[in-house]
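K.L.:
Quick one, fold the following:
(one chain, ligands or ions: 2)
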Amino acid sequence: MDDVSESPFTSATRRRTSPGISLAENLDRTERHPVLIFGSSAAGKSSLVLSLILGLQTMRDINVSLGDPILDPADPRSKVMHQRAKDTYDRAAYELATGKPVGITIGEPFFIPVDVKPTNSLLEPVKFAFLDGRGEDYQPNEDINADLFRTFKPEIVDVLRSFPHGITVIYVAPYSVGDGHDRDTPSSNFGLLGVMRGYEELRELRRHDSHLFLLTKWDQYATPMDARPLFSDASANDVDRVLRDRYPNSWGTFQALPLEGEAHERRAFMQYSSGYFKDGEYREPPHSFHGTFKRYPRTVMNWLYGNATQYRPGRDNRTTSPRRSLFPDVDVPTAPPRRSLIDLLNHALTAR
Ligand SMILES: Nc1nc2c(ncn2[C@@H]2O[C@H](COP(=O)(O)OP(=O)(O)OP(=O)(O)O)[C@@H](O)[C@H]2O)c(=O)[nH]1
Ligand SMILES: [Mg+2]
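P.N.:
Ligands and ions are numbered 1, 2, ... in the order given. As a prediction, the model looks like this:
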């Protein structure tokens with residue numbers, strides 16, 4: 001048996017505490033691509049998932065639905081997890097209609113099964129499992145007697161250690177926390193650093209994994225519908241500048257994360273807005289700006305679809321398939337700017 005007792009990240013081992021096959025095995029058997037979403041409290045994780053679902057629900061040529069339970073039905077936690085997934089999924093449509101902001105996520109992490117079936121027969125159906133959970137679990141520990149970085153919950157440890165195909169990891173980095181004035185990004189920054197350390201320690205099968213550093217709440221930085229088009233037309237340098245300022249440690253570490261067999265799509269970054277917010281409330285944007293807002297979830301979805309089609313679960317994990325695009329009219333997120341090791345080191349040393 002592996003000796004997993006020494007590491008803080010593996011203290012929650014993959015011991016089977018419930019009947020049925022494990023989460024990672026079930027994801028593999030049902031050919032579902034896991035999308036692990038990490039970020040501090042109020043970073044925008046749930047809003048990201050909702051906006052991705054909404055973005056698909058409003059496309060005429062894509063059928064999207066809640067998938068089958070993620071956990072083995074023999075596992076007593078299966079029903080509870082699926083009910084939470086269902087609530088979140090149904091919430092997407094409700095939120096669109098009423099403009100309610102999403103509430104804080106509580107309890108144990110859970111996965112939302114989302115099945116995507118393009119009606120265009122040339123594009124294959126894909127199944128995702130989106131992780132949602134409370135951001136507190138990814139924030140540095142305030143207790144000085146405890147380790148700074150928290151351990152992952154057992155479900156996440158299971159996927160990282162045992163899922164044999166490519167997974168996607170999204171690091172959610174909000175431009176700000178709260179209403180735009182309370183800029184508590186240092187906790188977010190170190191929280192993401194802890195997540196990367198945990199990934200590095202637990203994940204051995206990295207060669208097909210894809211990583212996205214997502215600067216959320218971009219609308220708080222670049223006003224939408226402004227005469228200056230920074231909201232819709234930011235360059236990679238614009239985004240990099242903000243990340244260097246607010247996420248010095250985690251953004252630097254992300255760029256140096258050893259991924260094994262580098263491919264540029266597998267390490268990406270972009271800015272994101274999960275919708276049009278006015279006075280802290282989610283609103284329907286004016287008609288002429290629909291495309292501008294929708295471009296964000298569609299860009300991320302395009303990339304996720306590419307990851308899931310290229311590194312398909314359920315197949316031989318040494319082979320890859322051609323990368324497919326779900327929305328040919330939008331791009332995928334770009335690779336971070338190339339930097340020398342010296343530059344990265346300097347950056348890490350001068351980080352606040
Ligand atoms: N302006 C703006 N606000 C956003 C955006 N995305 C999310 N928010 C707001 O930020 C707050 C937190 O968003 P959530 O999606 O609940 O964040 P979370 O990461 O799921 O937070 P926890 O569940 O507490 O871990 C909510 O009030 C959202 O309405 C965005 O793109 N722009
Ligand atoms: Mg949440």
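
K.L.:
So which bits of stretch 155-165 are buried?
P.N.:
Buried residues in stretch 155-165, defined by neighbour count with 16 or more other CB atoms under 10 Å: Glu155, Ile156, Val157, Asp158, Val159, Leu160, Arg161, Ser162, Phe163, Pro164, His165. Using the backbone N, CA and C atoms, a C-beta is placed for each residue, glycine as well.

K.L.:
Dump these into a markdown table; add distance to Tyr199, pLDDT and secondary structure as well.
P.N.:
A markdown table is the format used below for the buried residues of stretch 155-165 (distance: CB to CB, whole Å; pLDDT from 0 to 100; DSSP: H, G, I helix; E, B strand; the rest coil):
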| residue | distance to Tyr199 | pLDDT | secondary structure |
| --- | --- | --- | --- |
| Glu155 | 15 | 92 | helix |
| Ile156 | 10 | 96 | helix |
| Val157 | 11 | 96 | helix |
| Asp158 | 14 | 95 | helix |
| Val159 | 11 | 96 | helix |
| Leu160 | 7 | 97 | helix |
| Arg161 | 11 | 96 | helix |
| Ser162 | 14 | 95 | helix |
| Phe163 | 13 | 95 | coil |
| Pro164 | 16 | 93 | coil |
| His165 | 16 | 93 | coil |
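
K.L.:
and of those residues, the nearest to ligand 1?
P.N.:
Proximity of those to ligand 1 (CB to the nearest ligand atom) peaks at Ile156, which lies at 14.3 Å.

K.L.:
The stretch 1-150 of the chain: strands as residue ranges?
P.N.:
33-38, 62-66, 110-118, 126-132 (DSSP state E, counting those that start in this stretch).

K.L.:
so which of the ones you listed gets nearest ligand 1?
P.N.:
Using CB to the nearest ligand atom, the nearest of the strands of the stretch 1-150 of the chain to ligand 1 is strand 126-132, at 6.9 Å.

K.L.:
Could you list every helix and strand in contact with that closest one?
P.N.:
strand 33-38, helix 45-57, strand 110-118, helix 290-310 (3 or more CB pairs under 8 Å, 6 or more residues apart in numbering; DSSP states H and E).

K.L.:
That one vs ligand 1: in contact?
P.N.:
No. Strand 126-132 lies apart from ligand 1 when judged by CB under 6 Å from any ligand atom; the minimum separation is 6.9 Å.

K.L.:
Give me the phi and psi for Pro269.
P.N.:
Not Pro; residue 269 is Phe. With angles defined as degrees, to the nearest 10, Phe269 sits at phi -150, psi 160.

K.L.:
Leu123: neighbouring residues, count only.
P.N.:
Applying other CB atoms under 10 Å, we find 18 residues neighbouring Leu123.

K.L.:
where does it land on pLDDT?
P.N.:
We have a pLDDT of 92 for Leu123.

K.L.:
Can you tell me which residues in the stretch 101-250 of the chain are near ligand 2?
P.N.:
By CB under 5 Å from the ion, the part of the stretch 101-250 of the chain that sits against ligand 2 consists of Thr105.

K.L.:
can we see that at 6 Å?
P.N.:
With CB under 6 Å from the ion as the criterion, the stretch 101-250 of the chain meets ligand 2 at residues Thr105, Asp132.

K.L.:
re earlier: comparing the strands of the stretch 1-150 of the chain, which comes out most buried?
P.N.:
strand 33-38 (a mean of 26; mean count of other CB atoms under 10 Å).

K.L.:
ok, it: who's next to it in the sheet?
P.N.:
strand 126-132 (parallel), strand 168-174 (parallel) (DSSP bridges).

K.L.:
okay, the ones you listed in TSV with mean pLDDT next?
P.N.:
Formatted as TSV, the strands paired with strand 33-38 follow (pLDDT from 0 to 100):
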stretch	mean pLDDT
strand 126-132	97
strand 168-174	98
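
K.L.:
got CSV for those strands, with distance to Pro73 too?
P.N.:
Putting these into CSV (distance: least, CB to CB, whole Å) gives the following:
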stretch, distance to Pro73
strand 126-132, 16
strand 168-174, 25
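
K.L.:
near ligand 1, which residues of the stretch 251-352 of the chain?
P.N.:
Ser273, Ser274, Phe277.

K.L.:
Same check on the stretch 101-250 of the chain?
P.N.:
Looking at ligand 1, the residues of the stretch 101-250 of the chain close enough under CB under 6 Å from any ligand atom are Pro101, Val102, Ile104, Thr105, Arg134, Gly135, Thr216, Lys217, Asp219, Gln220.

K.L.:
Now the second one: closest residue in space that isn't a chain neighbour?
P.N.:
It stands for Val102. Ser46 (4.7 Å; CB to CB, 6 or more residues apart in numbering).

K.L.:
Repeat that for the fifth one.
P.N.:
Closest residue to Arg134 apart from its sequence neighbours, by CB to CB, 6+ apart: Thr105 at 4.8 Å.

K.L.:
Okay then, goodbye and thanks.
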